[in-house]
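>>> I would like the atomic coordinates for the input below:
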Amino acid sequence: MTFSPLIDTHCHLNDAKAFPDPRSEIEAALAVGVERMIVVGTSPEDWERAIVMAESHAEVWAIVGWHPNYTADYDRSSLGRLRDLMSHPRVLALGEIGLDYHWDYAERTVQFEALRDGLDLAADLGKPVVFHAREAYSDLLDVLEKRPPHPYLFHCFAGNAEEGARAVALGAKFGVDGPVTYRKGDELREVLRGLPFESLVVETDAPYMSPVPYRGKPNRPAHVREVAEGLATALGRPFEEVAAQTTATARDFFGF
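Sure thing, here's the model as predicted:
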């Protein structure tokens, strides 16, 4: 069977507890047309695991950065190592960095420090940036709107229409995940319909946020196909069109 190629632009295959046999997960994804998977390193130890995963599997690439929920341990001296890793041929972008006001894992002042340092590093290196934002879109956009234009992608976008419009004005891209398939996802689907079609990419965030019909079970990169199908339904567009455009957008953003 031939499938339209897809790219899972955000997953955590480098989580050994969730994925003790990552090769089997990669093979399952390839079998349904997922041509590439991007794994995310969220803290210094995780950076190394993400890069080892990308080095070990031709279909896997990496992004690395200080996830805001881990910035309680943020140390500016880590930027030297992060700078070195950004030159690795399997590392595509800086991320996921940003702000998280939902959890109280790190002081907001430290989150902002790590965010600004990361943005400066990405600008200096000319690398795209992938954001994590939770209940913090307005403050994050306030920071970005004061900076020169740069390639940005909002992972698992869950902002409102106004926040989406502000991000569009920055030329940003938007990651679409399992919630696009949820019964109570009408508000999200409405927001997504208001965003430029060519600004959308699909992702799983595996092992988190499984799409319907797998909700309640661990997510897998192979399920990005269900995410794309859910997005096609939300937009009222043919699946093949959504698969082609989201893949083209991902290739362009990450420089494949």
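>>> from here on, contacts and neighbour counts on C-alpha atoms
Fine.
>>> which residues touch Phe19?
Phe19 makes contact with Leu13, Glu25, according to C-alpha atoms under 8 Å, 6 or more residues apart in numbering.
>>> find the helix or strand that it is a member of.
In the assignment (DSSP states H and E), Phe19 maps to no helix and no strand.
>>> just the one 10 residues further on next, same as before
Using DSSP H and E, Ala29 maps to helix 22-31.
>>> can you give me the strands in the protein?
6-11, 34-41, 60-64, 91-100, 129-134, 152-154, 173-176, 200-202 (DSSP state E).
>>> so for Pro211, which of those strands sits nearest?
Nearest to Pro211 among these is strand 173-176; the distance by C-alpha to C-alpha comes to 10.8 Å.
>>> for that closest one, which strands pair with it and how are they oriented?
Strand 173-176 has the following sheet partners, assigned by DSSP bridges: strand 152-154 (parallel), strand 200-202 (parallel).
>>> returning to what we had before: Arg251 is nearest to which of the strands of the chain?
strand 6-11 (8.4 Å).
>>> helices or strands up against the closest one?
If you count contacts as 3 or more C-alpha pairs under 8 Å, 6 or more residues apart in numbering; DSSP states H and E, strand 6-11 packs onto strand 34-41, strand 200-202, helix 224-235, helix 239-254.
>>> single out the most deeply packed of these.
strand 200-202 (a mean of 28; mean count of other C-alpha atoms under 10 Å).
>>> how far is it from where the chain is centred?
9 Å (C-alpha atoms, centre = their mean, to the nearest Å).
>>> can you offset everything so residue one is 40?
I'll keep to 40 as the first residue from here, and by that count the last item is strand 239-241.
>>> which residues of the protein score low on pLDDT?
Within the chain, the segments meeting pLDDT under 70 span 40-41.
>>> neighbouring contacts of stretch 271-286?
So stretch 271-286 is contacted by 43-46, 219, 228-229, 231-232, 236-241, 267-268, 270 (C-alpha under 8 Å, 6+ apart).
>>> endpoint to endpoint, it covers what distance?
In stretch 271-286, first residue to last residue: 13 Å (C-alpha to C-alpha, to the nearest Å).
>>> also stretch 243-253?
End-to-end for stretch 243-253, by C-alpha to C-alpha: 12 Å.
>>> and that stretch, which residues are buried?
Thr243, Asp244, Ala245, Pro246, Tyr247, Met248, Ser249, Pro250, Val251 (16 or more other C-alpha atoms under 10 Å).
>>> for those residues, give me TSV that also has distance to His189.
Shown next, in TSV, are these (distance: C-alpha to C-alpha, whole Å):
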residue	distance to His189
Thr243	24
Asp244	23
Ala245	27
Pro246	29
Tyr247	28
Met248	28
Ser249	30
Pro250	31
Val251	34
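>>> and those residues, which is closest to Val263?
Using C-alpha to C-alpha, the buried residues of stretch 243-253 come closest to Val263 at Thr243, 5.5 Å.
>>> wouldn't that closest one be in contact with Asp47 here?
Yes. Proximity of Thr243 to Asp47 meets the contact threshold set by C-alpha atoms under 8 Å, at 6.4 Å.
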